[in-house]
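Asker: mind folding the following:
(chains A, B, C and D)
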Protein chains: 4
Amino acid sequence: MPGSLFGRILSVATFGESHGPAVGVVVDGTPPGIALAIEDIQKELNRRRPGQSAITTPRAEKDRVEILSGVFDGVTTGTPIALLIRNEDKKSSDYDNLKDLFRPGHADWTYDAKYGVRDWRGSGRASGRETAARVAAGAIAKRILDDTGVTILGFTREIDGVRAQSVDPTQIESNPARSPDAAAAALMVERIERAKAEQDSVGGIVEVVASNVPPGLGDPVFDKLEALLAHAIMSVGAVRGVEIGAGFEAARMRGSVYNDEPYMDGGRMRTRTNNAGGIAGGISNGMDIVVRAALRPPASIARPQRTVSVGGKEVTVEIAGRHDPCIVPRAVPVIEAMTALVLADCLLVQGAYRGAGVSSTDAPSR
Amino acid sequence: MPGSLFGRILSVATFGESHGPAVGVVVDGTPPGIALAIEDIQKELNRRRPGQSAITTPRAEKDRVEILSGVFDGVTTGTPIALLIRNEDKKSSDYDNLKDLFRPGHADWTYDAKYGVRDWRGSGRASGRETAARVAAGAIAKRILDDTGVTILGFTREIDGVRAQSVDPTQIESNPARSPDAAAAALMVERIERAKAEQDSVGGIVEVVASNVPPGLGDPVFDKLEALLAHAIMSVGAVRGVEIGAGFEAARMRGSVYNDEPYMDGGRMRTRTNNAGGIAGGISNGMDIVVRAALRPPASIARPQRTVSVGGKEVTVEIAGRHDPCIVPRAVPVIEAMTALVLADCLLVQGAYRGAGVSSTDAPSR
Amino acid sequence: MPGSLFGRILSVATFGESHGPAVGVVVDGTPPGIALAIEDIQKELNRRRPGQSAITTPRAEKDRVEILSGVFDGVTTGTPIALLIRNEDKKSSDYDNLKDLFRPGHADWTYDAKYGVRDWRGSGRASGRETAARVAAGAIAKRILDDTGVTILGFTREIDGVRAQSVDPTQIESNPARSPDAAAAALMVERIERAKAEQDSVGGIVEVVASNVPPGLGDPVFDKLEALLAHAIMSVGAVRGVEIGAGFEAARMRGSVYNDEPYMDGGRMRTRTNNAGGIAGGISNGMDIVVRAALRPPASIARPQRTVSVGGKEVTVEIAGRHDPCIVPRAVPVIEAMTALVLADCLLVQGAYRGAGVSSTDAPSR
Amino acid sequence: MPGSLFGRILSVATFGESHGPAVGVVVDGTPPGIALAIEDIQKELNRRRPGQSAITTPRAEKDRVEILSGVFDGVTTGTPIALLIRNEDKKSSDYDNLKDLFRPGHADWTYDAKYGVRDWRGSGRASGRETAARVAAGAIAKRILDDTGVTILGFTREIDGVRAQSVDPTQIESNPARSPDAAAAALMVERIERAKAEQDSVGGIVEVVASNVPPGLGDPVFDKLEALLAHAIMSVGAVRGVEIGAGFEAARMRGSVYNDEPYMDGGRMRTRTNNAGGIAGGISNGMDIVVRAALRPPASIARPQRTVSVGGKEVTVEIAGRHDPCIVPRAVPVIEAMTALVLADCLLVQGAYRGAGVSSTDAPSR
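Answerer: As a prediction, this is how the structure comes out:
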């Protein structure tokens, strides 16, 4: 089954293993006429790239992207856009001792059970490296959203229990935790470093806010906007929970508190609160879309762990290699990308794209 | 866009509005040769039906299902199975005063923004009544799972902050809260009654556990098992959050705690804990699949609320009609149905269905 | 696999067996706001209905359609439209002697090989009766096309080698052959009657012309307009060949003859010939879409035939029952319906629908 | 809309323009464990490659393919297989004078009408060069079929009215026309050379026969085997007609002649004739699948033609560049590829793949 396909009109087909020749993506369904430069994609990849700071893996991938098709004279042509990122800094030898066992918390065993064969070098297809293709595709989705005025803001809401108490967008990219609260950021980094020193890892929560989203996006009853977002975001490796607006807190609210009160604001309908996270009945209502993803701690930790070998023996494993003690800051652009892909797809489904891209069926014949 | 379609091999197409002639579903992709009686479907519908107890809406729908196709001599034929449920106890007049305004917490405004027209009687397509079709389809999915030995157990984990502390499956259907913890059940019912008396509503959490699931289900990287579950479950009306295994708690764990330790159990690989909720790398690992859904309190409450009219005036609304003060117990079979639909679909995709249904391409020509 | 689904935005899910309770269809993705009366659908069903004339089967189905959802106050709401047609004049006893053998030219053996079980009464799902659901869905597609000014004209081009030499649209519905050439019609009817008298059957060619189709429909490289049409039309029971424009004759033309010469016609680009059948590079060019389907003679003939029993014995079969000696005239509305479904779907994909149906994401909030 | 996607389980996403950096394809859904060497793909590309003989275009593309993912240690892993073919011998300057006009018989005008922008160099996405990606993907499909014992044989049935009267498989690759009838081959080449000398082009018919196909492939009622084949094959650039078995001739047969008579052949059901082309009721019946495609003459001819400029002026165009006077022989591997993709997809849908690829959900945990 084609599990590496996503999207209805804006469709992405990703490929690539961690230690194979390349990762990449084919993005089909992009409207024609959108200005798209390689820098639009590269800048997003740079935010996800390893080796950005002291708290991420030192694997030194430049993640240079090449556009293979679908762009002509600086604009999209409406044909599939193929993006290629060669793998460079592969140290497959790090994995030699892992070939014959199933690492705890990893997908080694399930890939083996499902496929019978697996590329054991650096987790193969199950590697977080796969998300580079998502981020590249997401950059195209962001261009589509940008043309319509939709903005996407992602940040770290929580790491190891330390929660950002405020959201100052200017802070996010200026600290390695990608926290919108500078005070919390310092604590978060401290926690990550402590975990690393203790040969351990920590998790956290990423939040993404989409603003200026037109009403009408989402297609009940199964392709409700929140359902598509949940699908997209839950498909990212470490994510174990997704919530919209008040999310799990909504389960503890009374209806009289939860219901967002509508009012008129200069001819536009708005609500005084936004517990619904910008979605009612599965359809965007014009308020900010607010989505949060819970990320588990990375599975690769340096301390010895008990596990099982391919031959069914119980063994102790020590995982060498270059790993992130916390994936949350690098996951921010990934969750943004998935959010952008869903929203751009919904925009196109709804015919609500407002960009220069003109599908001119009634073009004058000149 | 066909938003009322779901599934890859086992595909469902639902239809119907709350106060139209009927709701129903066409289920395509069912393996041939499965024993399917109308009672298999009716018993699930009865669990979702309104009017089951004092804490649910008194709308008295019998929800009698009719099988229109796809079943011959008591077994499925592999052709589409159409299921029809006529709407009976419609009191559309209850909605006369709601036609010209947008109810708080409801989808009235977004349906209007998206479609321009809407069936305003009882929320139309946005009504929870739509889930009857899901439950009917889910009954077929359960038959498929049952043939393979997979069991689905759903229950109320939490209502209005009251949490079931233990899981005794025999308790679930014997209290109106569908709580697996009898002590918690009493408290939950009390909370629901109090909210009702106060013209208010409460939310909660449904948990579903699937046992004896074969390893190998789920299709990375976008159709990971948890992503399909999140999509399916988040598409249910009141759901605002979905989590797998440790879920949001995983965000606060260390890797050394979160990683489930593998061991051999009589020739089968198992893990000592199940923080992963039965899924690693997007693929089932043979442990129990554990999923939870957070449900917001129902939007329809009797107390006066401020809102906006179709004409853009701010008004006060009082919602008459027959409404549930808490939807959680009736949502249990719905979340079960969505879980069953995803698992049955994944089973078929993986070729892991073990039932009598034989697709005999190499049948002897007799 | 959900083989009874078709369409991308305008999606149809059909169901039903010849001698089961009903046939029907769920049409999802219809734009909201389209005026749709039950007569719009009934009139198309009446054209396909058995028992229209002396040269069709006397099975007396009224084929009354019921709209179960998706229409409110006479207009579509954008939600799924379910259409139900009860089976009435079922004489299953006609099939008692056919239960244990595989009829020549029928799908008995392949259904058995694929599904293991089959509804042997009147061919079950493989019956031409299944096309009633297509015609009902096609009526909705026609309403969408009509709003945009596209017209669909279907007729019998050829029966048993007798070819209509001219196309007078006013003739089509006034002769039982649905021939646009009155002189040919008389000959066609004669041929059908002769075949019937000889306990045999004849085939023919249906042609459909779509006019006023906007340029831009079709989605290269796999969903080219002709590819979608070929898929749709070749899926109709008796069809063994599909061609566009010059079709198979194009294989014998020189490029200098085949290439349609473009010219300007009052500001619009047109071509002097239409060998391309209105499609270039998989995209409509504004000229008439011309498609032809070759239909084989019906498999059910009264004369004795040699075949094989379910037990593998060679036997002689005589097929009783009420059968069409020629299916071509009744296939005209079916091929029209499939053409309409493809064109309406392409219109919606292209955002070129021009009807009253407004998907008002930027509707004033009032 | 993602028009460059095809397939249900075995899914292909192609990309690339004629004069861009590359063409290629991502093939998802391949079973794991299939032996796949780069030569398996390269040999098929070599059959499609330009410059093979005096009767094809002299454009000298080596069409070297690179495998970017999905293959490890010589076998497929079940993850997406990305294949890349760089464009080398691009002479875009040949197209400078064509930038401002719409060539007769080409897709220039329709691409412009649909997308507003177009890559005018060598037809861009509408170029026949796009089919290299299809052939590369088809090579993987052929490996899947080969494991199950299915063989695919394609050849030229007709060129410019000259028809192969016999089918000797050993002849096909030994003459530049790919005719299975040596005598006809000589005549076909003569016709092509004459057309070339006269600055013109000719069309023809490709036939593909698939043998040893298991019964049961194809999914009624819309994804019947012949419907999927028609979709796939009609999506190839120059194809204007598709027929199965007796095809258009069936329209002129009596039922008593057309119906293939079943008989038992050593415990297997077979039919004495094969007018059905191996498909009954949309499902393969074990006899040879026989499909034919009518190809129009290439649009690019050297002689002056009248057309219209981008500005709407009527002009005369002379097309320079390196063009094929007849595309039929090079189309043989393309039509084979599309046939193979459909059959392999149907095999996987039906669970009838018999290769080494083991999806071991019940693999011992070792």
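Asker: chain D contacts on the stretch 101-250 of chain A?
Answerer: Applying CB under 8 Å from any CB of the partner chain, we find that the stretch 101-250 of chain A lies next to chain D at A:109, A:112-119, A:124-125. Any C-beta I mention is one placed from the backbone N, CA and C, and that applies to glycine too.
Asker: pipe these into a markdown table and attach distance to residue B:245, pLDDT and secondary structure per row.
Answerer: Converted to a markdown table, those look like this (distance: CB to CB, whole Å; pLDDT from 0 to 100; DSSP: H, G, I helix; E, B strand; the rest coil):
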| residue | distance to residue B:245 | pLDDT | secondary structure |
| --- | --- | --- | --- |
| A:109 | 16 | 95 | helix |
| A:112 | 20 | 95 | helix |
| A:113 | 18 | 95 | helix |
| A:114 | 19 | 96 | helix |
| A:115 | 23 | 95 | helix |
| A:116 | 26 | 94 | coil |
| A:117 | 27 | 90 | coil |
| A:118 | 23 | 85 | coil |
| A:119 | 26 | 86 | coil |
| A:124 | 23 | 94 | helix |
| A:125 | 22 | 96 | helix |
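Asker: got those residues as CSV, with distance to residue A:23 and neighbour count columns?
Answerer: What follows is those, written out as CSV (distance: CB to CB, whole Å; neighbours: other CB atoms under 10 Å in any protein chain shown):
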residue, distance to residue A:23, neighbour count
A:109, 23, 28
A:112, 22, 22
A:113, 24, 28
A:114, 20, 28
A:115, 18, 26
A:116, 23, 21
A:117, 19, 22
A:118, 17, 25
A:119, 12, 25
A:124, 11, 27
A:125, 9, 30
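Asker: in the stretch 101-250 of chain A, which ranges drop under the pLDDT threshold?
Answerer: For the stretch 101-250 of chain A, not a single residue meets the criterion pLDDT under 70.
Asker: which non-adjacent residue is nearest residue A:165?
Answerer: residue A:181 (5.4 Å; CB to CB, 6 or more residues apart in numbering or on different chains).
Asker: out of the residues of the stretch 101-250 of chain A next to chain D, who's near chain B?
Answerer: Okay, of those touching chain B (CB under 8 Å from any CB), that's A:109, A:113-114, A:125.
Asker: for the stretch 201-350 of chain A, which segments count as helices?
Answerer: Applying DSSP state H, counting those that start in this stretch to the stretch 201-350 of chain A gives helices spanning A:225-234, A:255-258, A:328-349.
Asker: assess the claim that residue A:125 and residue B:220 are in contact.
Answerer: Yes - assessed by CB atoms under 8 Å, residue A:125 is found in contact with residue B:220 at 6.4 Å.
Asker: is it true that residue A:152 touches residue A:336?
Answerer: Yes - assessed by CB under 8 Å, residue A:152 is found in contact with residue A:336 at 5.2 Å.
Asker: neighbour count: those two, which is higher?
Answerer: Taking other CB atoms under 10 Å in any protein chain shown, residue A:152 and residue A:336 do not tie; residue A:336 has more neighbours (27 against 23).
Asker: what sits against residue A:341?
Answerer: Applying CB atoms under 8 Å, 6 or more residues apart in numbering or on different chains to residue A:341 gives the contacts A:6-7, A:10, A:12, A:134, A:137-138, A:141, A:232.
Asker: picking up where we left off before, next, show the common contact partners of residue A:152 and residue A:336.
Answerer: Common neighbours of residue A:152 and residue A:336 (criterion: CB under 8 Å, 6+ apart): A:142, A:208.
Asker: return every residue with contacts to both of residue A:125 and residue B:220.
Answerer: In contact with both residue A:125 and residue B:220: residue D:79, using CB under 8 Å, 6+ apart.
Asker: specify the local secondary structure of the residue nearest to residue A:24 when sequence neighbours are not counted.
Answerer: Excluding its sequence neighbours, the residue lying closest to residue A:24 (CB to CB, 6+ apart) is residue A:84, at 4.5 Å. Secondary structure for residue A:84, judged by DSSP: H, G, I helix; E, B strand; the rest coil, is strand.
Asker: tally of neighbours for residue A:84?
Answerer: The burial count for residue A:84: 25, using other CB under 10 Å.
Asker: which strand residues bridge it?
Answerer: Going by DSSP bridges, residue A:84 is paired in beta bridges with residue A:24, residue A:66.
Asker: can I assume it is in contact with residue A:64?
Answerer: No - if you go by CB under 8 Å, residue A:84 and residue A:64 don't touch, sitting 9.3 Å apart.
Asker: SS state for the nearest residue to residue A:347 once chain neighbours are set aside?
Answerer: For residue A:347, ignoring the flanking residues on the chain, the nearest one in space by CB to CB, 6+ apart is residue A:353 at 5.0 Å. Assigned with three-state DSSP, residue A:353 falls in the coil class.
Asker: just want the residue of the stretch 51-200 of chain A that's nearest chain B.
Answerer: residue A:107 (2.2 Å; CB to the nearest CB).
Asker: residues contacting that residue?
Answerer: A:123, A:126, B:220, B:280-283.
Asker: ok, and the most crowded of these?
Answerer: In those, the most neighbours by other CB under 10 Å go to residue B:280, 31 neighbours.
Asker: show me what it bridges to in the sheet.
Answerer: Listed beta-bridge partners, residue B:280: residue B:283 (assigned using DSSP bridges).
Asker: likewise residue A:305?
Answerer: residue A:317.
Asker: tell me how many other residues crowd it.
Answerer: Residues near residue A:305, counting by other CB under 10 Å: 20.
Asker: gap between it and residue C:272?
Answerer: Distance, residue A:305 to residue C:272, using CB to CB, to the nearest Å: 77 Å.
Asker: out of the residues of the stretch 101-250 of chain A next to chain D, the closest to chain C would be?
Answerer: residue A:114 (19.9 Å).
Asker: thought that closest one was touching residue B:216?
Answerer: Yes - counting by CB under 8 Å, residue A:114 touches residue B:216, with 4.1 Å between them.
Asker: residues touching residue A:288, list them.
Answerer: By CB under 8 Å, 6+ apart, residue A:288 lies in contact with A:209-211, A:213, A:274, A:277-278.
Asker: go back to the residues you listed and keep what's next to chain B.
Answerer: residue A:277.
Asker: looking at the contacts of residue A:288, spot the one nearest chain D.
Answerer: residue A:213 (22.0 Å).
Asker: and for that closest one, the neighbour number?
Answerer: 27.
Asker: so how far is residue A:7 from it?
Answerer: Between residue A:213 and residue A:7 the computed distance is 17 Å (CB to CB).
Asker: same check on residue A:214?
Answerer: From residue A:214 over to residue A:7 (counting by CB to CB), the distance is 19 Å.
Asker: also residue A:273?
Answerer: 32 Å.
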